[in-house]
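> sequence unknown, structure follows:
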């Protein structure tokens, strides 16, 4: 297998990022710097930044119902992390995408590099759906601005599809988006003077958070 594909599939890096790692001399095959045309064969030992890299023998993916208050990281410093919710045999799984500390809901974790790439690479534009509550009713003009025009943020325009969760309730909304910039939903509403007081992800691509998965619990999707 070509070294860039091997790195991408075993780590979840994009093919471009894997190419860059090879070009920068960060990838070794049996202790020798890999070349862009290098091929990994059999039981050769591959490292990235000094850490062993290998294709997983068993592919595992879980759907975690992340509670608010947990960070999506291995190092929480003074905060609890999602890994505090997982048993030892799942500690090796890596999150696909992120949810900020104050957000809850669907978070996929996997050791399947192909799946991670398909769900996170911008060219695939996977749909993500959230449910949110605002601190005050959303004004019709502001809804139109977000839904039809988009709100200009410091890292570019943000356009979201909005639907009421309950007829007549202007504080609770379903948000559908294809991007996933850092705290994009919160920043979009903040730009118009609103505060998102609850934010919960329910869908990511073709994956949906099972209704019977309680906060802090997970559902096993694959183990093969």
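Structure's in. What do you need? Predicted model, so just to flag it, every value in this text is computed and none were measured.
> for the most centrally placed residue in the chain, list the residues it contacts.
The centroid of the chain falls nearest to residue 97 when counting by C-alpha atoms, centre = their mean (0.9 Å). The contact partners of residue 97, by C-beta atoms under 8 Å, 6 or more residues apart in numbering, come to 107-108, 119-120, 128, 180, 204. All C-beta atoms are positioned from the backbone trio N, CA, C, and that covers glycine.
> what's the lowest-pLDDT member of these?
In terms of pLDDT, residue 180 ranks lowest among the contacts of residue 97, with 77.
> give the burial count for that one, as a bare number.
Neighbourhood size, residue 180 [other C-beta atoms under 10 Å]: 16.
> over to residue 165: give its phi and psi.
phi -80, psi -30 (degrees, to the nearest 10).
> so it is in contact with residue 198, correct?
No. Residue 165 lies out of contact with residue 198 (C-beta atoms under 8 Å); the separation is 11.1 Å.
> and for the two, which residues touch both?
residue 131.
> of these two, which one has the most company?
A count of neighbours by other C-beta under 10 Å puts residue 198 above the other of residue 165 and residue 198, at 16 against 12.
> mind listing what that one touches?
68, 104, 131-133.
> now residue 108. Nearest residue, chain neighbours left out?
With C-beta to C-beta, 6 or more residues apart in numbering as the criterion, residue 108 has its nearest non-adjacent residue at 4.3 Å, and that residue is residue 96.
> contacts only, for residue 84.
70, 76.
> ok so it is a helix residue?
Yes. The assignment for residue 84 is a helix, going by DSSP: H, G, I helix; E, B strand; the rest coil.
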